[in-house]
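Asks: model the structure of this input:
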Amino acid sequence: MQYRLNNGFLMRASFTVLIFVCLCVLMSIATAGNFNTHKRYLYVQPGQNIFSLVKVLYPGQRKQWPSIIKKIVKLNPHAFVAADASRIVVGKRLEIPAIKAKVRRRPKVKKAVVYKGPTAVGYVIKRRGKVFVLSSELKRRNLDIGSEVYVGDRIYSGVKGFVRLSMIDEAKIDLRCNSEMLIEDYQLIRGGNRSVIHLIKGSVKKITGSIGKMAEDIYEMHTPLATVGVRGTEYAIRVLQAHGCDGSVDVNNKGLFVKVKRGFIDVKTAKEERAMAVNETAYLGDKNEKIQTIDVSDGVFDAVKVAEPEKKKSHVMGSAMWLICLLPIIFILRKTTGNADRQPDRQPAKTG
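Replies: Numbers count the residues shown, from 1 in each chain. Just a heads-up that it's a prediction; the model follows:
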């Protein structure tokens, strides 16, 4: 009985060992034919290169292959000639790093944004004559009091046109006759205030608002000849406008005239940059010339002031003088008339 039990135990043990050995052999055969990312070491066989090895070891990480190759070369300097990935040494053992594949995250679906249209950056508070706008979509619209203006608008004024704009930063812009102006950018954002305007031609006067008062603000008034940066509050520009209109005079010159009425500005050209103070006027004939300080007469920037008619003071004084001269005559005439009234009527004597 004891012999039969021992034989049964030995048979079961032998069968278990045989199964274990078979499993080991199968696993060794599988790992010999295919590489995977869990294997830590392998020996380079003839005909293999780093690119084929990485392709087999990391099939689902194509975008990571370049970085994986660099990492294998760095971990195994003995297996590469002069650290060159293309010069692998046959028979050397490689340490294979375990690199996790990057999981692609699904992009977040953004909520639908309702388009509310462009935001107005100013509106018209005064208008005279012909004034209209071409939008960034080249759509034309006439401007009237209360009309809004937007970034990208190109504003035109006729020969007798004039428009005053109130901007979102409380700035005031007067675009005078026969002028063209483009609003390139106008933003009132904390830490990012911007005012970028192009005066293509004509005359403009601007009283600056809050944009330009902070150091990080961007304020630029571009013209074909120079750029004006503001450090002050009020200035006037006339550019490429030789013939006067709406009361301004002819200058017979298509250069740039700049006048500071209050505060400070910077005028920058291709040649230089100059700071201008209050009541200073500068002239630039060409973008390659230097800025000149000049004196200008009335009518260059604004309409010529017509002398007001004299008050009637002189007429009053003249009338008073005439009365003084006539008083003696009136007095004499009244006295003479009074004496004549007091004399009795004399009747002729009767003759008998």
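Asks: can you list the domains in the protein?
Replies: 2-95, 122-293 (automatic domain parsing).
Asks: make CSV out of the ones you listed and add distance to Phe301, mean pLDDT and mean neighbour count.
Replies: Where C-beta positions appear, they are placed from N, C-alpha and C, glycine not excepted. Converted to CSV, the domains of the chain look like this (distance: least, CB to CB, whole Å; pLDDT from 0 to 100; neighbours: other CB atoms under 10 Å):
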stretch, distance to Phe301, mean pLDDT, mean neighbour count
domain 2-95, 64, 73, 12
domain 122-293, 4, 87, 18
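Asks: quick one: closest of these to Met321.
Replies: domain 122-293 (38.4 Å; CB to CB).
Asks: how about Ser195, secondary structure?
Replies: Taken by DSSP: H, G, I helix; E, B strand; the rest coil, the conformation at Ser195 corresponds to strand.
Asks: out of everything not next to it in sequence, what's closest to Lys287?
Replies: Leu225 (4.6 Å; CB to CB, 6 or more residues apart in numbering).
Asks: quick one: contacts for that neighbour?
Replies: 239, 255-256, 269, 284, 286-287 (CB atoms under 8 Å, 6 or more residues apart in numbering).
Asks: now, these that are in strands?
Replies: Using DSSP state E, the subset of the contacts of Leu225 located in strands is 239, 256, 284.
Asks: and stretch 49-62, how far apart are its ends?
Replies: 17 Å (CA to CA, to the nearest Å).
Asks: could you say which helix or strand holds the nearest residue to Tyr150 once chain neighbours are set aside?
Replies: Spatial nearest neighbour of Tyr150, chain neighbours left out: Pro118 (4.7 Å); criterion: CB to CB, 6+ apart. Under the criterion of DSSP states H and E, Pro118 resides outside all helices and strands.
Asks: likewise for Ser67?
Replies: helix 65-75.
Asks: list the helices and strands that helix packs on?
Replies: helix 50-57, strand 93-95 (3 or more CB pairs under 8 Å, 6 or more residues apart in numbering; DSSP states H and E).
Asks: so how far is it from its chain's centroid?
Replies: The chain centre lies 46 Å from the centre of helix 65-75; the measure is CA atoms, centre = their mean, to the nearest Å.
Asks: just stretch 185-204 next, same as before
Replies: 6 Å.
Asks: for the remainder of this discussion, apply numbering that starts at 26.
Replies: Yep, numbering from 26; the last one is stretch 210-229 now.
Asks: that one spans what distance, first to last residue?
Replies: OK, stretch 210-229 end separation, CA to CA: 17 Å.
Asks: one more: stretch 234-253?
Replies: 15 Å.
Asks: which among the contacts of Leu250 gets closest to Ile232?
Replies: Val264 (18.7 Å).
Asks: beta partners of the closest one?
Replies: Gly227, Leu281 (DSSP bridges).
Asks: so it makes contact with Lys226?
Replies: Yes - counting by CB atoms under 8 Å, Lys226 is a contact partner of Val264 at 6.2 Å.
Asks: report the set of residues contacting both of those two.
Replies: Joint contacts of Val264 and Lys226 (CB under 8 Å, 6+ apart) are Pro249.
Asks: the stretch 276-377 of the chain: strands as residue ranges?
Replies: Ranges of strands in the stretch 276-377 of the chain, per DSSP state E, counting those that start in this stretch, are 281-287, 290-293, 298-301, 306-309, 317-318.
Asks: can you lay out the ones you listed as JSON lines showing distance to Lys164?
Replies: As requested, the strands of the stretch 276-377 of the chain are exported to JSON lines (distance: least, CB to CB, whole Å):
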{"stretch": "strand 281-287", "distance to Lys164": "31"}
{"stretch": "strand 290-293", "distance to Lys164": "33"}
{"stretch": "strand 298-301", "distance to Lys164": "38"}
{"stretch": "strand 306-309", "distance to Lys164": "34"}
{"stretch": "strand 317-318", "distance to Lys164": "41"}
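Asks: ramachandran angles for Lys151?
Replies: Phi and psi for Lys151, reported as degrees, to the nearest 10, are phi -160, psi 140.
Asks: identify the residue nearest it in space, chain neighbours excluded?
Replies: Closest to Lys151 by CB to CB, 6+ apart is Arg189, at 3.9 Å.
Asks: thinking again about what came up before, same list (the domains of the chain) but as JSON lines, adding distance to Val325.
Replies: As requested, the domains of the chain are exported to JSON lines (distance: least, CB to CB, whole Å):
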{"stretch": "domain 27-120", "distance to Val325": "66"}
{"stretch": "domain 147-318", "distance to Val325": "6"}
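Asks: identify whichever of those lies nearest to Ile349.
Replies: domain 147-318 (43.4 Å).
Asks: now the end-to-end length of the closest one.
Replies: Note: domain 147-318 ends 33 Å apart using CA to CA.
Asks: check stretch 105-121 too.
Replies: End to end - CA to CA - stretch 105-121 spans 14 Å.
Asks: now stretch 313-322
Replies: OK, stretch 313-322 end separation, CA to CA: 25 Å.
Asks: ok, and what's touching it?
Replies: Residues contacting stretch 313-322 (CB under 8 Å, 6+ apart): 251, 274, 282, 284, 292, 294-297, 299, 305-309.
Asks: kindly report the same for stretch 240-247.
Replies: 209, 216-224, 229, 231, 233, 236-237, 252-255, 262.
Asks: cool, and stretch 172-188?
Replies: 143-149, 151-161, 166, 168, 190, 199-211, 225, 227, 270-271.
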